[in-house]
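Participant: what follows is a predicted structure for the sequence shown.
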Amino acid sequence: MKQRSPHGTHSPPGPVREPLEHGQPPWSTEPESSFSTWARRFFRGLVVVVLLLAAISGIRSWVAPNRTPETVVSNQNSFPVDEARAVATRYAVSYLNWDEANPDARPNLIALDLAAGLDSRAGWNGRGKQTADTAYPGEVKVDSAGVTAVVDVRVEVRSFTKRGQAWVAGPYSWERLSVPVARTASRVVASGPPTFVPDERAALPENMPEAGVADDDLTAATLKDAEAFFSAYAESDNKVSAVTAPGSTIRSLNGSVKFGQLKDWQVYTGNDDERRATAAVTWDGVGDTTLDQNYTLTLRRTVATDGAQRWQVAAVG
């Protein structure tokens, strides 16, 4: 007879296992492919690299956290150069004015521009007399931080010599000063006494622009017209308007001088309608005084109704 299972069903016969030897594990191993081994090692190494990078980045952020780069703005562009010129000019005039008969006047004027806390006597020993009235500011050199600067100022002065009880005025002369200034929260101030600097002559730069190529034929053809123009240019607006190119407005010297002579006249090559010209003119002043001056002009070709062509001055300078 066939035996039934406890549950009333038949169980299929399972695989027949060999009896285990003593110490043998109750499982079996299967050989692993070389690709599986490489992939497992690769991903394991990748995990290690990622963890190391994360650790390094974290430590670096603790020691030196990332900061958004700040835009560096130079304060030189915002330095109040116009105010610096005004302050330096007034201070230079006050600095070069002194009178031993009124010793308090100079410190009071200097105090208008000198920084508070600095000595308003500014180095003067309280003796002598000198006046300064006319001054012209020049270049303003601003420091890299945009806080201080030096201003170039030229001042006309007149010194006096004491003879007995009277002061005798000497000739006018020019002094050149380098005035230190500083920008505060409210205004520009002089930050110390100025220093004298030489006002020496300098030669023209070597890269001066060339005058151009001379047009000798047009120069000769327009010589008389140029003389007529400068004669009218010296006298009145009505006369100069009659010899200038149509549509141009040139103001005259209105009789302040008289035309003496045209010492040099040159027209340069260019296009067919407009040319550049230069002139050396001698003006007659009061009495026997004469003064030579150089001019640059623009000539324009005009055509009359009858077809006649001529070159007339369209601009001076």
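Facilitator: Done, it's in.
Participant: all helices of this protein, in order?
Facilitator: 34-63, 81-95, 105-110, 216-221, 223-235, 237-241 (DSSP state H).
Participant: of these, flag the one that's most buried.
Facilitator: helix 81-95 (a mean of 21; mean count of other Cβ atoms under 10 Å). In this view, the C-beta of every residue, glycine as well, is placed from N, C-alpha and C.
Participant: Arg127: which of the helices of the chain is closest?
Facilitator: helix 105-110 (11.8 Å; Cβ to Cβ).
Participant: ok, and what's touching that closest one?
Facilitator: For helix 105-110, the surrounding residues in contact (Cβ atoms under 8 Å, 6 or more residues apart in numbering) are 91, 94-95, 97-99, 120-122, 124.
Participant: sorry, back to before: may I see the helices of the chain organised as CSV, with mean pLDDT added?
Facilitator: Listed next are these as CSV, based on pLDDT from 0 to 100:
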stretch, mean pLDDT
helix 34-63, 66
helix 81-95, 98
helix 105-110, 97
helix 216-221, 97
helix 223-235, 97
helix 237-241, 96
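Participant: can I get these in JSON lines with distance to Gly317?
Facilitator: Shown next, in JSON lines, are the helices of the chain (distance: least, Cβ to Cβ, whole Å):
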{"stretch": "helix 34-63", "distance to Gly317": "66"}
{"stretch": "helix 81-95", "distance to Gly317": "26"}
{"stretch": "helix 105-110", "distance to Gly317": "39"}
{"stretch": "helix 216-221", "distance to Gly317": "20"}
{"stretch": "helix 223-235", "distance to Gly317": "12"}
{"stretch": "helix 237-241", "distance to Gly317": "14"}
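Participant: quick one: contacts for Ala232?
Facilitator: 239-240, 242-243, 252.
Participant: middle-most residue in this protein, spatially?
Facilitator: Among the residues of the chain, the one closest to the centroid is Asn77, at 7.9 Å (Cα atoms, centre = their mean).
Participant: for it, give me its contacts.
Facilitator: Residues in contact with Asn77 (Cβ under 8 Å, 6+ apart) are Gly146.
Participant: and the gap between it and Val142?
Facilitator: As for Asn77, its distance to Val142 is 9 Å (criterion: Cβ to Cβ, to the nearest Å).
Participant: the closest residue to Pro198 other than its chain neighbours: what's it in contact with?
Facilitator: Of all residues not flanking Pro198 in the chain, Arg176 sits nearest, at 7.1 Å (Cβ to Cβ, 6 or more residues apart in numbering). Contacts for Arg176 (Cβ under 8 Å, 6+ apart) come out as 152-155, 196-199.
Participant: so which of those is the closest to Ala211?
Facilitator: Nearest member of the contacts of Arg176 to Ala211, counting by Cβ to Cβ, is Asp199, at 29.0 Å.
Participant: surely that closest one meets Val153?
Facilitator: No - here Asp199 does not reach Val153: they are 11.0 Å apart, not a contact under Cβ atoms under 8 Å.
Participant: flag the shaky bits of the stretch 51-200 of the chain, pLDDT-wise.
Facilitator: 54-76 (pLDDT under 70).
Participant: hmm, try it at 80
Facilitator: For the stretch 51-200 of the chain, applying pLDDT under 80 flags the ranges 51-77.
Participant: can you pull out the strands in it?
Facilitator: Ranges of strands in the stretch 51-200 of the chain, per DSSP state E, counting those that start in this stretch, are 98-99, 129-142, 148-163, 166-183, 188-190, 195-196.
Participant: buried deepest among the ones you listed, which one?
Facilitator: Greatest average neighbour count among the strands of the stretch 51-200 of the chain goes to strand 188-190 (a mean of 23), per mean count of other Cβ under 10 Å.
Participant: contact partners of it?
Facilitator: Contacts for strand 188-190 (Cβ under 8 Å, 6+ apart): 80, 83-84, 87-88, 91, 113-116, 179-182.
Participant: widest-spaced pair of those?
Facilitator: Maximum pairwise distance among the contacts of strand 188-190 (Cβ to Cβ): 18.7 Å, between Pro80 and Ala116.
Participant: more neighbours, these two?
Facilitator: A direct count of neighbours by other Cβ atoms under 10 Å for Pro80 and Ala116 places Pro80 higher, at 16 against 8.
Participant: quick revisit: same list (the contacts of Arg176) but as CSV, adding distance to Asn294.
Facilitator: Converted to CSV, those look like this (distance: Cβ to Cβ, whole Å):
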residue, distance to Asn294
Asp152, 27
Val153, 29
Arg154, 24
Val155, 29
Phe196, 33
Val197, 30
Pro198, 27
Asp199, 23
